[in-house]
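Participant: Next one to model:
(one chain, ligands or ions: 1)
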Amino acid sequence: MESIGVLMTCPPNFPYLVEELEKRFTLYKLQNAPDKTHFINSHKNSIRAVVGNAGFGADAELIEQLPKLEIVSSFSVGLDKVDLPKCKEKRIRVTNTPDVLTNDVADLAIGLMLAVLRRLCESDRYVRSGKWKKGDYKLTTKFTGKSVGIIGLGRIGMAIATRAEAFSCPISYYARTEKPDVKYRYYPSVIELAANCQILVVACALTEETHHIVNREVMNALGPKGVLINIGRGPHVDEPELVSALLEGRLGGAGLDVFEDEPNVPEPLFGLENVVLLPHVGSGTVETRKAMADLVVGNLEAHFLKKPLLTPVV
Ligand SMILES: O=CC(=O)O
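Facilitator: Okay, the predicted model is just below:
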């Protein structure tokens, strides 16, 4: 399959994935090209697959530029950077990396809850700066037993719920429709969910409907003691409104792994100790990224060997 051209639209910064792709295909690394348009034009007739990730996918413009494109294999579970309708229209297959990252993302959501409520990062800074020698750190807020509201009860939302239950947290959720076999309380609106929980977690896919699903009203409903956790996508949350809500004390705290314009994070958040900021690392463990890479490569191999795809979306 060495003559099959694969365009990698995301930065080639996970060596295992790059090596495994290079063993099998001719890999074109878009991010290394000084002139991307020229690069695509020069290779467009050899490129039969695209590999992207959560940050760089395949938009309509790119898809239109690649006449031989057959498959987009994303090194991510979220596909908001891939134009799915365009892929359907052009009969281009699309795969993602579900399941293998669920536990890591759910672990991180719980980590963020603990970090915000127990001020883990701030107290670490307290020790490192030598302030402890001058006095004990202030008291923080208990996590066990806090009510947790989850937006989106898919695989990741469910895994967060299971973990939070182990901390005796009552769980409720919002989804487009009530899930039949789920014991958690359902709220048909995000505002109602926010008004009835102490920690609100965003765990749904980013679509047109879920863009800014956490807006000013939702933040006000969560309130000055409420904590927002976002392990979904930055655009799920109206970020300028989040900054105002935190600065004005209308929201109690936030644990954020994702932002509207990554890697740019609103600087007013840097000074707030009730906020924990992470650089989009939900699935960022060696073990999980390897499993994701195996799925990316496995899907491409299956496609070009005319076998069933491992994790098809389109
Ligand atoms: O954000 C990460 C992913 O979608 O896998």
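
Participant: And stretch 187-195, how far out from the chain middle?
Facilitator: Relative to its chain's centre, stretch 187-195 lies at 22 Å (C-alpha atoms, centre = their mean, to the nearest Å).

Participant: Mind listing residues that contact that stretch?
Facilitator: Contacts of stretch 187-195 with the rest of the structure, by C-beta atoms under 8 Å, 6 or more residues apart in numbering, involve 149, 151, 172-174, 178, 196, 200, 213-214, 217-219, 221-223, 226. Bear in mind the C-beta positions are built from the backbone N, C-alpha and C, glycine included.

Participant: do that again at 7 Å, thanks
Facilitator: Stretch 187-195 is contacted by residues 149, 151, 172, 174, 196, 200, 213, 217-218, 221-222 when judged by C-beta atoms under 7 Å, 6 or more residues apart in numbering.

Participant: just stretch 244-262 next, same as before
Facilitator: Here stretch 244-262 has contacts from 55, 108, 112-113, 115-116, 219-220, 222, 224-235, 239, 242, 265, 268-269, 272, 274-278, 280-282, using C-beta under 7 Å, 6+ apart.

Participant: And it, what's buried?
Facilitator: With burial defined by 16 or more other C-beta atoms under 10 Å, the residues of stretch 244-262 counted as buried are 245-246, 250-260.

Participant: Output the contacting helices and strands for the strand or helix carrying Asp124.
Facilitator: Using DSSP states H and E, Asp124 maps to helix 120-128. On a contact count with 3 or more C-beta pairs under 7 Å, 6 or more residues apart in numbering; DSSP states H and E, helix 120-128 meets no helix or strand.

Participant: Show me what the longest helix seen in the chain is packed against.
Facilitator: The residue-count maximum for a helix in the chain (DSSP state H) belongs to helix 286-304. Helices and strands touching helix 286-304, by 3+ C-beta pairs under 7 Å, 6+ apart, are helix 15-24, strand 71-74.

Participant: switch to 10 Å and redo it
Facilitator: strand 5-8, helix 15-24, strand 47-52, strand 71-74, strand 93-95, helix 102-117 (3 or more C-beta pairs under 10 Å, 6 or more residues apart in numbering; DSSP states H and E).

Participant: State the mean pLDDT of that helix.
Facilitator: The average pLDDT within helix 286-304 is 98.
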